[in-house]
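Novice: what's the 3D shape of this:
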Amino acid sequence: MERMNDEGQWIVLMGFIVSVGILFLAIILNQSVLVGQTTSEGIIEFPKNEIIDIREEILDSVRRNINEGKDLTGLQKDISLLSLDRENAVVTYSYDLNKFNDIYYEYTEVVIHFNNGVTSYDETYLLPKKI
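Specialist: Next up is the predicted model:
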């Protein structure tokens, strides 16, 4: 009886292994693209510039209040209404004059809250004033 030729079986087995490997790599590549897209969408949706603009305006108004002693209740309402109208965001802030003291400075604590339905951002800032 002749010896059986099994080279064809090895070729089919190697083809099967290579096809499973290519399928596995395609799945990994597909998942990495989806993760990258989700991450970039999250970064794009973060309202960095809006938060920076509102933060600067709030800190400037509190600085003016510290130096000139003006009442900011009207300005607080205006900032809340403007941010709600322009960016569909709820912005509230509060401040506590001279909350902390040390030898050289008095610190005013400013608490800022920003929420646009997707991003909620809270910040506490200590505003120094030289004694």
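Novice: C-alpha only now, for contacts and for neighbours.
Specialist: Will do.
Novice: after the lengthiest helix in the chain comes which helix or strand?
Specialist: Longest helix in the chain, counting residues (DSSP state H): helix 7-45. Following helix 7-45 in sequence order, the next helix or strand is helix 48-68 (DSSP states H and E).
Novice: Just name whatever secondary elements the helix or strand that comes right after that following helix is in contact with.
Specialist: Sequence-wise, the next helix or strand downstream of helix 48-68 (DSSP H and E) is helix 73-87. Helix 73-87 sits against strand 90-101, with contacts defined as 3 or more CA pairs under 8 Å, 6 or more residues apart in numbering; DSSP states H and E.
Novice: contact partners of the strand it packs on?
Specialist: 58, 62, 66, 76, 79-80, 83-84, 106-116 (CA atoms under 8 Å, 6 or more residues apart in numbering).
Novice: Return the members of those classed as buried.
Specialist: Those of the contacts of strand 90-101 that meet the buried threshold are 58, 62, 66, 76, 79-80, 83, 106-116, by 16 or more other CA atoms under 10 Å.
Novice: and residue 21, how far is that from residue 28?
Specialist: In this view, residue 21 and residue 28 are 11 Å apart by CA to CA, to the nearest Å.
Novice: Residue 103 in helix, strand or coil?
Specialist: Secondary structure, DSSP: H, G, I helix; E, B strand; the rest coil: residue 103 is coil.
Novice: what does the one 4 residues further on give?
Specialist: The local conformation at residue 107, judged by three-state DSSP, is strand.
Novice: Residues in a beta bridge with it, which ones?
Specialist: Beta-bridge partners recorded for residue 107 (DSSP bridges): residue 100, residue 128.
Novice: Quick one: residues contacting it.
Specialist: For residue 107, the contact set (CA under 8 Å, 6+ apart) comprises 97, 98, 99, 100, 101, 126, 127, 128, 129.
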